[in-house]
Every structure is written in C-alpha cells, then in structure tokens.
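J.: pasted the sequence and its predicted model underneath.
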Amino acid sequence: MRIFYSIVFLLFYTQAAFLQSGIVFQDNITLEKILEQAKLENKKIFIDSYTKWCLPCKNLDIVFTDKALGEYFNANFINAKFDMDLPVGKAIHQKYDVVFVPTMLILDQNGFTIIKFDSANINANDLLSIAKRINEPSVYMETDMVDQPKGSPVELTTGSSEYTAREENEEKVLYVMEDDNNATPEHLKQEAYFRLQLMDGSHHLPAEKYLATKADWLTPETMRFIYDFLLDTDSRMFSFFVENKNAFENEFGADAIFSTLNILIEKKLNQAIP
C-alpha cells in the first residue's frame, strides 16, 4: 500500500513540476492590475491572447511549458493571458488592435507596445531569443533583428523604432488556423468570421467547409451564417437563399430580405455594366 501511495505521489509531483516548469501566467486579470505590478517589480509585460477554440493557441501553450523559457520569463516579465472572448480580452483587443489569435505582445511598464508577435509557428528558442533582445538591448544588438528573411516563422511589428525588426506598410496579422483538416465545425465557423473581417476573399474556403459539415441548412444557426456571408450572387449560398426565400423571410423579416436582394443584385449589375 505504501508503494502504491508513493507511486501516486511521485506521479502527482512529476506532473505538478512539469506544469510549473514553463511560463506562469496570470489569467484574465485587468490590465490596470498588471501595470501596477509591472511598475512595482520594475518589469516589462508579456501578454498572450487566446480563445478556447483556437487550435494554434493550444499548440503555443505547449511551447510555454519549456523550462528555460519559463525560468527567463518568470524572472524578467509579468506574464498574463487574455481570453479574447471575455470582456477583459475585448479590452485588450480594442487597446492593442489584436485581431487574430494567438497574438503576443511585450509592453513597457506604462502599457505601451514594445513589440508584437503575430505567429503561431514560433518555438521556445525563438521566443526566448526575442525576449532577451527586448529585455537586454545592450547585449543583443538591434542589427541582429533587422535582417529577418521575409516569411520567417516570426513576424514582428513594433511600437518603437528602437526595436524595429522589419518595416511594413501594414501590420501582419495571423490567421486563426494553420491546418483546418482536423478542425471542428466550430473552428471552421470562427475562422470564416475572422477571415471575413479581412475583406480579401479568404473567407470562402472555411465558409464552404463549415457548410459542408451541415446536413440541414435550414436550421436557424446555419441560416444566420448563410445570411452573414451573402456577399455576391455567384455562390451556392445565394442560390440556396433564393430557393428558400420564404424561410429566410420568416427568420429575418421580409423587409430585410428584400433589401438584401436589392443590394446584391444591384452590386452584380454594377459590376457587369459600370
């Protein structure tokens, strides 16, 4: 019996040690409290944004368990995680323009952005190197960061020219999912809505994949999705919308459907005949 309890204790201790070996985050506390703590401890702030349905966020959580990474970040940063679906996360989204997850930021003690990480491909060594370059600029010179090849795993945007990694006209953003072959319908749905905000047409594929998981397109949830993604007349969704016009009128109102049809048809006519 003693052997059994010893084994259980050893397993529990090993698991606890593993879980505590990485970066220790404060989860979903207010930015004001983090800033207070950063000034009190004279540290910079590391922020990770996530959602519960984000696949790359879960992969990044594994990176955060690295022992060397944890030792450095726990000693030199105030570390905080924000669920972007919660009110505290929405505040971070509005203040720091976090559009896609996972996005990581390093802030100074006043809450100003020093650097912004938009990559789900980052590994522990890369993240540790970037943190040391930011926290120890006299040791890691700026020139080490400037000549990153375009398309490298870590894309950086900064709030200070002192830390400029690569000049761009616009901040690079990270799509929520890298590989949607194993994605659940909810993942595909969220991906489609996020890509819709880019207005670059990249929403089509996840939207089609999401609808392919639905046997019945006349459920309120699926009709809402179709209605939100009615952007042109050349799509299966529009054909379905027209064929089931009465059902959509019952769900959203005849006036709204009439207005939507007018807008889409006028848009198509204007494209054909300027």
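T.: Nice, thanks for sending it over.

J.: helices and strands around the strand or helix carrying Ile47, which ones?
T.: For Ile47, the host element (DSSP states H and E) is strand 44-50. Contacts defined by 3 or more Cβ pairs under 8 Å, 6 or more residues apart in numbering; DSSP states H and E place strand 44-50 against helix 31-41, helix 55-63, strand 77-83, helix 87-96, strand 104-107, helix 124-135. For glycine as for every other residue, the C-beta is placed from the backbone atoms N, C-alpha and C.

J.: if you set the cut-off to 10 Å instead, what comes out?
T.: If contacts are counted by 3 or more Cβ pairs under 10 Å, 6 or more residues apart in numbering; DSSP states H and E, strand 44-50 sits against helix 31-41, helix 55-63, helix 67-76, strand 77-83, helix 87-96, strand 104-107, strand 113-117, helix 124-135.

J.: same question for it, mean pLDDT?
T.: Strand 44-50 comes out with an average pLDDT of 93.

J.: who does that strand pair up with?
T.: In the sheet, strand 44-50 lines up against strand 77-83 (parallel), strand 104-107 (antiparallel) (DSSP bridges).

J.: okay, domains of the chain per the record?
T.: By the assignment in automatic domain parsing, the chain contains the domains 21-163, 180-272.

J.: would you single out the least confident of those domains?
T.: Mean pLDDT is lowest for domain 21-163 among the domains of the chain, at a mean of 80.

J.: quick revisit: among the helices and strands packed on strand 44-50, which is nearest Leu205?
T.: helix 55-63 (15.9 Å; Cβ to Cβ).

J.: elements contacting the closest one?
T.: When contacts are defined as 3+ Cβ pairs under 10 Å, 6+ apart, helix 55-63 sits against strand 44-50, strand 77-83, helix 124-135.

J.: between helix 67-76 and the longest one, find me the angle.
T.: Taking axes from the mean of the first three to the mean of the last three Cα atoms, to 10 degrees, helix 124-135 and helix 67-76 form an angle of 20 degrees between their directions.

J.: now the second one
T.: Interaxial angle, strand 77-83 versus helix 67-76 (the same axes, to 10 degrees): 110 degrees.

J.: for the strands paired with strand 44-50, which one sits closest to Asn250?
T.: Closest of the strands paired with strand 44-50 to Asn250 is strand 77-83, at 35.6 Å (criterion: Cβ to Cβ).

J.: which one of the helices and strands packed on helix 55-63 lies nearest to Phe112?
T.: Set against Phe112 and scored by Cβ to Cβ, the helices and strands packed on helix 55-63 come closest in strand 44-50, at 10.0 Å.

J.: backbone phi and psi for the spatially most central residue of the chain, please?
T.: Geometric centre of the chain, nearest residue: Val101, 0.6 Å, by Cα atoms, centre = their mean. When read as degrees, to the nearest 10, the backbone of Val101 gives phi -120, psi 150.

J.: mind checking how far it is from Phe194?
T.: To Phe194, Val101 is 9 Å away according to Cβ to Cβ, to the nearest Å.

J.: returning to that earlier point: same list (the strands paired with strand 44-50) but as TSV, adding mean neighbour count and distance to Pro56.
T.: Shown next, in TSV, are the strands paired with strand 44-50 (neighbours: other Cβ atoms under 10 Å; distance: least, Cβ to Cβ, whole Å):
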stretch	mean neighbour count	distance to Pro56
strand 77-83	23	14
strand 104-107	23	11
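
J.: make a markdown table out of those strands and add distance to His187.
T.: Listed next are the strands paired with strand 44-50 as a markdown table, based on distance: least, Cβ to Cβ, whole Å:
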| stretch | distance to His187 |
| --- | --- |
| strand 77-83 | 16 |
| strand 104-107 | 21 |
